Every structure is written in structure tokens, then in C-alpha cells.
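Participant: Provided below are the primary sequence and the corresponding predicted coordinates.
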Amino acid sequence: MNRITQVLGTSLLLGASLCPWEAQAISLDPPTNLVYNGSFEDIESTFIGDSHVNMSLLPGSMTLPGWTVFGAELGWVGMGQGDWGVDAKDGNKLVDFTGYHNDGVYAGVTQDILTDVGTVYEVVFHIGRGGNGDANYAGPNAVRAMAGDLSGVYHDEVFTSSGGTSDPTAWERFSFRFTAQDMVTTISFHGAGKGGCCLVGLDDVAVTAVPEPGTYALIATGALMVGWQLRRRPRQNSRMI
């Protein structure tokens, strides 16, 4: 069974149980995020925060669930971050590529995800700056994002946030797409520049498959066909004879 037959068949089956006007409102389920722990939460109870609600992770550490640290010391930061006032974009945690060292050698995080060869995927992530209006946390901040496998890199790009201070922490959305060439793809994020001294934040990372061209149109067409067929059926007289 080819892709078109599957999609159209699913649309017809769903629509067959609905009224015509309901059939036209059929929608797809939200895409599945392939990233494990994209908001850097403490989902395995491994976070041990210090007095600043921060946990320092060295290169090679896998303490942060789903992620491996590389490049330099990383800050795994708790919500509000004590007296620093840095806030997460999603959930209660974020990562800071400047860590405690706050120099020009930035940390990074990486994760392997399962992918289908030839499928296009979209990577969405958020870069953070600011906290308590402190110039030490000002932007612009830059993050290098990569996707690839053992054979090479599909995508390698530096993304830069806006500048200035902010209170609360300001988060900006960025994205890119890649076509998978293997069943396992490695995604990586690495600090690449900062406007202040002490923060290059990353949070709320997601990787989802991009729907094939025409998928939504096929489903809408299938739903409309069902609605049209149902409207043509003769209505039964509800009055008792």
C-alpha cells in the first residue's frame, strides 16, 4: 500500500463516523518530538544543585538525561537560578554554555535520535539572554547548531539572538531543516558567542518530521469527500406513521 492510499484511506475511515460538517474538521495529531528531554528537565532525579541552583557538568558527562556534554564545563541551571534570576523557557531547567568558567571556551550538548533515511526534519530551539536586567547576561548570544551522522554533517549553522538586557530572561526561537541520510542522526548545540560575561542559554529543543507535500491536502480532500457522500444520503423521516 503506497503513502497516498494510506493517507486517503485513513481520512475516509475517520470521516465515515462523523457528520459532514465534522468530517471537514479532521486534523492531524501533533508531530512527535524525537528529542529526549528537550527542555533539560531533571526527569531522572540526577540534578544536584549548589547554592545558585546550578549544577556544573564536565565534558563527557551524561548526568543530564538524554544529553552528553562536550567542549567545556556546562551549567545545568535551575529555575530562577538563585540570586542570578535566570528563567527557563520551558519547564524548570535550562543549560548555560558559559558554565562557571565564563570565558571564550564554550560547552556543548549532543544527542543521537532515530530518523528515517530521506525524511526531512525540522529542528527548533531557543536561545536565552538576560536575567534581572543584568548587563552580565546581555545579548547578543550565539549558538552553533549541527546535525549529521558518521558519514558527515548535514547542517552546520551559527544562530545569533538579539542584544540588550532583559528581565525576565528573553528567549528567541530558531529553526533549521535537514534530510536524514542514516537511521541515527546526531544533533549538537555549542556556544559560539556572548554579549555579556555569563550566559548563553539553550532550552526547549525539538526535532519533528516535516509532513510530506500534499499530506494535509489529501486528508482534507478525503474528509470533504466523506462529507459530500453523507449529505447525499436521503434523510429518514423521524415521524412515526
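Facilitator: Received, thanks. Residues are numbered from 1 along each chain as shown.
Participant: where does the chain have low pLDDT?
Facilitator: Per-residue confidence for the chain (pLDDT under 70) gives these ranges: 1-28, 80-83, 214-241.
Participant: Recalculate using a threshold of 50.
Facilitator: Low-confidence segments of the chain (pLDDT under 50): 1-26, 216-217, 236-241.
Participant: does the residue nearest to the spatial centre of the chain count as helix, strand or coil?
Facilitator: Relative to the mean C-alpha position of the chain, the nearest C-alpha, by Cα atoms, centre = their mean, is the one of residue 206, at 1.5 Å. Three-state secondary structure (criterion: DSSP: H, G, I helix; E, B strand; the rest coil) places residue 206 in strand.
Participant: is it in a bridge, and if so with what?
Facilitator: Going by DSSP bridges, residue 206 is paired in beta bridges with residue 124.
Participant: What of residue 176?
Facilitator: On the basis of DSSP bridges, residue 176 is bridged to residue 123.
Participant: returning to that earlier point: and the residue nearest to the centre of the chain, what does it touch?
Facilitator: Counting by Cβ atoms under 8 Å, 6 or more residues apart in numbering, residue 206 touches 33, 35, 38, 123, 124, 125. (Each C-beta comes from the backbone N, C-alpha and C, glycine too.)
Participant: how does the protein divide into domains?
Facilitator: Under the assignment automatic domain parsing, the domains of the chain span 1-28+223-232, 29-210.
Participant: any idea which of the ones you listed is most buried?
Facilitator: Here the criterion is mean neighbour count by mean count of other Cβ atoms under 10 Å, and of those the winner is domain 29-210, at a mean of 18.
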